[in-house]
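> got a predicted model here, sequence first, then my questions.
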Amino acid sequence: MVEKLQKSLRESATARWTALAVVAFTMLCGYFLTDVMAPLKPMLESELLWNSAEYGFFTSAYGWFNVFLLMLIIGGIILDKMGVRFTGLMACFLMVGGVAIKYYAISSVFPAESTLLGMKTQVVLAAIGFAIFGVGIEIAGITVSKVIVKWFKGKELALAMGLEMATARLGTGLALIITLPLARSFTLPVPVLIGLILLCIGTIAFIVYCLMDRKLERSIPKDTAPEDPFRFADILFIVKNKGFWLIALLCVLFYSAVFPFLKYATDLMIHKYGVNPDLAGAIPGLLPFGTIILTPLFGNLYDRKGKGASIMLLGACMLVGIHFLFALPLLDHWLIATLIMIALGIAFSLVPSAMWPSVPKIIPEKQLGTAYALIFWVQNWGLMGVPALIGWVLEKYCKSVENGVVHYDYTLPMIIFTGFGVLAVIVSLLLKAENKKKGYGLELPNMNK
């Protein structure tokens, strides 16, 4: 009875697409702040005297609490126990608080000898703020994933997830393109302040969604039987599922070759391709803008035609070739970098458009919050470790100084990213074989006939 009533409410196209638009805007605001510091690496080094290792330490903070304090897994359990409204608002407040700390850190002057945990106080405070923000944005991500499944299961699920991801990537693209010009025109902290204001608006947007969600629940009669509740024993069911672990491994390997790369992509354009610093963020900014069109397109293809496992394999194969081309020293013209970045945008659209809608085919809906949280937790190991690794490699093996000017050779870091792509291909092949063996339906359409 409950399922029938919920289904009838979801039949309203206006209601479900409006709900998607509201939560997608909140994620756009969050993703703007995820990458707002990436183009500022040169200014952090010149104005705040950070080095690549310190920048890598700061960037790796994104996953500290999610990984070591298990905050993502706890967030997933809270999501399945308390629902999307409570968890989503909690995530928004964590994001706002974390960004406020980060803004305070980079906008304040600290004595040169001021240290905390053996590092510059400013770097550590900024990192702590980014770590708190990382908890919020990741919990928001799993919450929005469950929101979309709630409204679109059996309908345009992959298309809806693709549109949400595309909107979020718009935030990433804006951060990569406008952040450095804004900082140069005003001051370094200004882009972070703008992002903080934008995030407050995004929090208000999620409150609007909460009203919609409450209206949905109130439309269900109180005397109807509740669905089988989530139990902690369900976690064991998830972690014993081989298909779940293959999705999780593909996620961490693929995203470790993309998101940490974006943290250094602007610097790569400056040091390898000789792009003017004011324009260097525009080339990496092409990647998220390409996904705005392609991710929903590939998601719609998955909804109607299927072939999800094949789509993920194709994207992983493309990733290997793309990072290998970035690693070749002879290919150093900015136009070549632009073409390779466009290709990376295609690969970045293929894998997520099929990966996230595949999870509900492997895991029951009542366990989805925890399942997404566990996948995001595995992913955060990469988002935490890879940026720190790349920063350390750059500082130790790839740095040279000529006439007082610091230069970084990005050949070795790009080879490391290529290695992640190779591993992603292997896992994609294993996932395709497991799907054939277990019959998850990853090659079948998502939409009910």
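Perfect, thanks for sending it.
> how about the helices in the stretch 301-449 of the chain?
308-327, 334-362, 368-397, 411-438 (DSSP state H, counting those that start in this stretch).
> how about the longest one: buried residues?
This means helix 368-397. For helix 368-397, burial by neighbour count (16 or more other CB atoms under 10 Å) applies to 368-380, 382-391, 393-395. The way it works is simple: take the backbone N, C-alpha and C, and place the C-beta from them, glycine included.
> low-confidence ranges, the stretch 101-250 of the chain, go.
219-232 (pLDDT under 70).
> go again using 80 as the cut-off
Flagging of the stretch 101-250 of the chain using pLDDT under 80 yields the residue ranges 112-113, 117, 153-154, 216-235.
> show me where the stretch 51-200 of the chain has its helices.
Going by DSSP H, counting those that start in this stretch, the stretch 51-200 of the chain shows helices at 52-60, 64-68, 71-82, 84-107, 121-152, 157-185, 190-218.
> who touches stretch 383-399?
51-57, 59-64, 66-67, 134, 255-256, 259-260, 263-264, 406-413, 416, 420 (CB atoms under 8 Å, 6 or more residues apart in numbering).
> oh, I was asking about stretch 420-429
Under CB under 8 Å, 6+ apart, the answer for stretch 420-429 is 246, 249-250, 253-254, 256-257, 309, 312-313, 316-317, 319-320, 322-323, 351, 382, 386.
> if you set the cut-off to 7 Å instead, what comes out?
Stretch 420-429 is contacted by residues 246, 249-250, 253-254, 256-257, 312-313, 316-317, 319-320, 323 when judged by CB atoms under 7 Å, 6 or more residues apart in numbering.
> ok, now stretch 13-25?
By CB under 7 Å, 6+ apart, stretch 13-25 touches 9-10, 144, 147-148, 151-152, 160, 163-164, 167-168, 202, 205-206, 208-209, 212.
> could you flag which of these are buried?
Using 16+ other CB under 10 Å, the buried ones in the contacts of stretch 13-25 are 10, 144, 147-148, 151-152, 160, 163-164, 167-168, 202, 205-206, 209, 212.
> and which of those residues is nearest residue 292?
Taking CB to CB as the measure, residue 292 lies nearest residue 167 of the buried ones among the contacts of stretch 13-25, at 7.6 Å.
> among the buried ones among the contacts of stretch 13-25, which two are most distant?
So, these by CB to CB: farthest apart are 10 and 202, at 24.2 Å.
> and the contacts of stretch 383-399, which are buried?
Buried, going by 16+ other CB under 10 Å: 51-57, 59-64, 66-67, 134, 255-256, 259-260, 263-264, 408, 410, 413, 416, 420, out of the contacts of stretch 383-399.
> what's the neighbour count on residue 426?
13 (other CB atoms under 10 Å).
> distance of it from residue 308?
18 Å (CB to CB, to the nearest Å).
> surely residue 371 meets residue 360?
No - taking contacts as CB atoms under 7 Å, residue 371 lies outside contact range of residue 360: 8.8 Å.
> using PDB, write down the CA coordinates of stretch 148-157.
Output in PDB follows, covering the C-alpha atoms of stretch 148-157 (Å, rounded to 0.1, in the frame of the first residue of the first chain):
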ATOM      1  CA  ILE A 148      17.100  10.700  -6.300                       C
ATOM      2  CA  VAL A 149      16.500   7.000  -5.900                       C
ATOM      3  CA  LYS A 150      13.400   7.800  -3.800                       C
ATOM      4  CA  TRP A 151      11.900   9.900  -6.500                       C
ATOM      5  CA  PHE A 152      13.100   8.300  -9.700                       C
ATOM      6  CA  LYS A 153      13.400   4.500  -9.100                       C
ATOM      7  CA  GLY A 154      11.800   2.700 -12.000                       C
ATOM      8  CA  LYS A 155      11.900   5.900 -14.000                       C
ATOM      9  CA  GLU A 156      14.600   8.200 -15.400                       C
ATOM     10  CA  LEU A 157      17.000   7.200 -12.600                       C
END
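> for that stretch, buried residues please.
Buried, per 16+ other CB under 10 Å, within stretch 148-157: 148-153, 155-157.
> picking that back up, and the contacts of stretch 420-429 as CSV, adding distance to residue 333?
Formatted as CSV, these follow (distance: CB to CB, whole Å):
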residue, distance to residue 333
246, 38
249, 35
250, 33
253, 29
254, 27
256, 27
257, 23
312, 31
313, 31
316, 27
317, 25
319, 22
320, 22
323, 18
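> tell me the one of those nearest residue 33?
Checking the contacts of stretch 420-429 against residue 33 with CB to CB, the nearest one is residue 256 at 20.4 Å.
> how close does residue 194 sit to residue 178?
9 Å.
> ok, which of the helices of the stretch 51-200 of the chain comes nearest residue 334?
That would be helix 157-185 among the helices of the stretch 51-200 of the chain, by CB to CB, at 15.3 Å.
> which of the buried residues of stretch 148-157 lies closest to residue 174?
Distance to residue 174 across the buried residues of stretch 148-157 (CB to CB) is lowest for residue 148, with 22.3 Å.
> now do the contacts for that closest one.
By CB under 7 Å, 6+ apart, the neighbours of residue 148 are 20, 160-161, 164.
> among those residues, which pair sits farthest apart?
Top of the distance list for these (CB to CB): 20 and 161, 9.2 Å.
> more neighbours, those two?
Higher neighbour count among residue 20 and residue 161: residue 161, with 29 against 23, using other CB under 10 Å.
> pretty sure that one is touching residue 302, no?
No - if you go by CB under 7 Å, residue 161 and residue 302 don't touch, sitting 9.4 Å apart.
> and for those two, which residues touch both?
Listed contacts common to residue 161 and residue 302 are residue 357; contacts here mean CB under 7 Å, 6+ apart.
> ok, now how distant is residue 363 from residue 70?
From residue 363 to residue 70 the distance is 19 Å (CB to CB).
> more crowded one of these two?
Remark: of residue 363 and residue 70, residue 363 carries more neighbours, 23 against 14, as counted by other CB under 10 Å.
> contacting residues around the residue nearest to residue 140 when sequence neighbours are not counted?
Of all residues not flanking residue 140 in the chain, residue 91 sits nearest, at 3.9 Å (CB to CB, 6 or more residues apart in numbering). Residues near residue 91 by CB under 7 Å, 6+ apart: 136, 139-140, 143.
> one more: residue 308?
Residue 308 touches 302, 354, 358, 442-443, counting by CB under 7 Å, 6+ apart.
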